[in-house]
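S.K.: no sequence on this one, just coordinates:
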């Protein structure tokens, strides 16, 4: 049985000159990081560019990662900062598309069953539209905290570090987001 190599060990190997150590790092974090960037920007092309920018930072300046911190937290901090820089440069803000373009972007896309029957497909589309509308109604700050917690699997402490916020603020945003989603979906059902 082989033991999985830690992120820190892979980064250390990369810093020592093993260029192949970058591949497993990218593969290990691709889904969560790309998904976070996609939900944050609302555009696949922007998410892909930012994903590459994050790992390019590690390639260009491997010492920017300090082994005493969790690699995943560092990675999402770099991603968050890259996205904020992207928004400042482009003058754009995050978009939450309500209509699907074939790309998995919203909460409904990840919740719906991939193979429902005809009746289930119609119900899933309707529920998906309600979930997407409720998610889009959240403030940008609430959407970001919700996405980092539920789709990227980060702890509240990690989210606070990534966003540079007190943990109480992160918890409050998450609580408000959850309550708004519950109320919006409750209204839709009634």
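M.R.: Great, that's in hand. Since the model is a prediction, treat every value here as computed from it, not as a measurement.

S.K.: buried residues in the top helix by length along the chain?
M.R.: Ranked by number of residues, the top helix in the chain under DSSP state H is helix 167-189. Residues of helix 167-189 classed as buried by neighbour count (16 or more other Cβ atoms under 10 Å): 170, 173-174, 176-177, 180-181, 184. (C-beta placed from N, C-alpha, C; glycine too.)

S.K.: so which elements touch it?
M.R.: Applying 3 or more Cβ pairs under 8 Å, 6 or more residues apart in numbering; DSSP states H and E, one finds that helix 167-189 contacts helix 118-136, helix 140-150, helix 156-163.

S.K.: next one: stretch 149-160 to chain centre, how far?
M.R.: 9 Å (Cα atoms, centre = their mean, to the nearest Å).

S.K.: report the mean confidence score over that stretch.
M.R.: Stretch 149-160 carries an average pLDDT of 88.

S.K.: all numbers from here: first residue = 54
M.R.: All set: I'll call the first residue 54, so the last point we hit is now stretch 202-213.

S.K.: per-domain residue ranges of the protein.
M.R.: 54-148, 169-243 (automatic domain parsing).

S.K.: so where's the protein shaky on pLDDT?
M.R.: 54-56, 145-177, 241-243 (pLDDT under 70).

S.K.: need the residue closest to the centroid of it.
M.R.: Nearest residue to the geometric centre of the chain (Cα atoms, centre = their mean): residue 89, 1.6 Å.

S.K.: same list, the helices and strands packed on helix 220-242, but as CSV with distance to residue 115 and mean neighbour count please.
M.R.: Formatted as CSV, those follow (distance: least, Cβ to Cβ, whole Å; neighbours: other Cβ atoms under 10 Å):
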stretch, distance to residue 115, mean neighbour count
helix 171-189, 36, 15
helix 193-203, 25, 20
helix 209-216, 20, 20
